[in-house]
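Asks: Here is my input; please provide its structure:
(chains A and B)
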Amino acid sequence: SAVISQKPSRDICQRGTSLTIQCQVDSQVTMMFWYRQQPGQSLTLIATANQGSEATYESGFVIDKFPISRPNLTFSTLTVSNMSPEDSSIYLCSAGTGGYNEQFFGPGTRLTVL
Amino acid sequence: GQQLNQSPQSMFIQEGEDVSMNCTSSSIFNTWLWYKQDPGEGPVLLIALYKAGELTSNGRLTAQFGITRKDSFLNISASIPSDVGIYFCAGQRGGTSYGKLTFGQGTILTVHP
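Replies: Numbers count the residues shown, from 1 in each chain, chains lettered A, B, ... in the order given. Predicted structure coming up:
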């Protein structure tokens, strides 16, 4: 398994600002992903964070709004840009290793936009 | 995007009762995963299933990968108060979707002591 930490754990932000969320894994992993969980809802995949190349975004999510970096095999960041109240959600990163398709999640970042 | 159909949406049971929940899809998945999420936490992996027909246990939890590869179920036996939480199924396809998870809507479990 992989142990995943995220920073910050929560934040309250003003409309129009940006927030960068960090995800750190305790071991090198093949795959890292970012998910959004809106209040009372399930998880929706935002993008795959690719090491050394641009992230791959799912339908409905764009790089200008959610830029992602992955400089190495243990770390990734997600930025929520030009925030609006609709961006208030829990943002979760996950990591998976090759071979077995298990994925492990971080504790999440709880974002409130005023 | 496509979601898995997970049922029931919520369950209210007495301590000691057994629980069953399931997920269905119109398309095939190569892997099924079951997670539990406690309030304020990220999802925790309970069971992973890799082959059609596979039946896997983890303590009081048992999950099965449907033979058609379009469904899965999770059973919890002899429930206890700490089983309270939201349970999610998640499916994973292969190919270009390798690693990406599609989640069910979740089952909210309440256990009365």
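Asks: Could you count how many residues lie near A:Leu73?
Replies: Residues lying near A:Leu73 (other C-beta atoms under 10 Å in any protein chain shown) number 16. Backbone N, C-alpha and C define where each C-beta goes, glycine included.
Asks: For the host helix or strand of B:Asn75, name the packing helices and strands.
Replies: Applying DSSP states H and E as the criterion places B:Asn75 in strand B:71-76. Contacts defined by 3 or more C-beta pairs under 8 Å, 6 or more residues apart in numbering or on different chains; DSSP states H and E place strand B:71-76 against strand B:19-24, strand B:31-37, strand B:44-49, strand B:61-65, strand B:85-92.
Asks: Which among these is found nearest to A:Thr79?
Replies: strand B:31-37 (24.5 Å; C-beta to C-beta).
Asks: Relative to that closest one, what are the paired strands and their orientations?
Replies: Paired with strand B:31-37 in the same sheet, following DSSP bridges, are strand B:44-49 (antiparallel), strand B:85-92 (antiparallel).
Asks: just to revisit the earlier point, how about TSV for the helices and strands packed on strand B:71-76, with mean neighbour count added?
Replies: Output for the helices and strands packed on strand B:71-76, formatted as TSV (neighbours: other C-beta atoms under 10 Å in any protein chain shown):
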stretch	mean neighbour count
strand B:19-24	20
strand B:31-37	24
strand B:44-49	19
strand B:61-65	20
strand B:85-92	24
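Asks: Need those strands in CSV (columns: mean pLDDT).
Replies: Converted to CSV, the helices and strands packed on strand B:71-76 look like this (pLDDT from 0 to 100):
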stretch, mean pLDDT
strand B:19-24, 97
strand B:31-37, 96
strand B:44-49, 95
strand B:61-65, 98
strand B:85-92, 96
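Asks: ok now do A:Val29, which residues does it touch?
Replies: Residues in contact with A:Val29 (C-beta atoms under 8 Å, 6 or more residues apart in numbering or on different chains) are A:Ala2, A:Leu73, A:Thr74, A:Ala95, A:Gly96, A:Thr97.
Asks: Skipping its backbone neighbours, what lies nearest it in space?
Replies: A:Ala95 (4.2 Å; C-beta to C-beta, 6 or more residues apart in numbering or on different chains).
Asks: Done for today, thanks.
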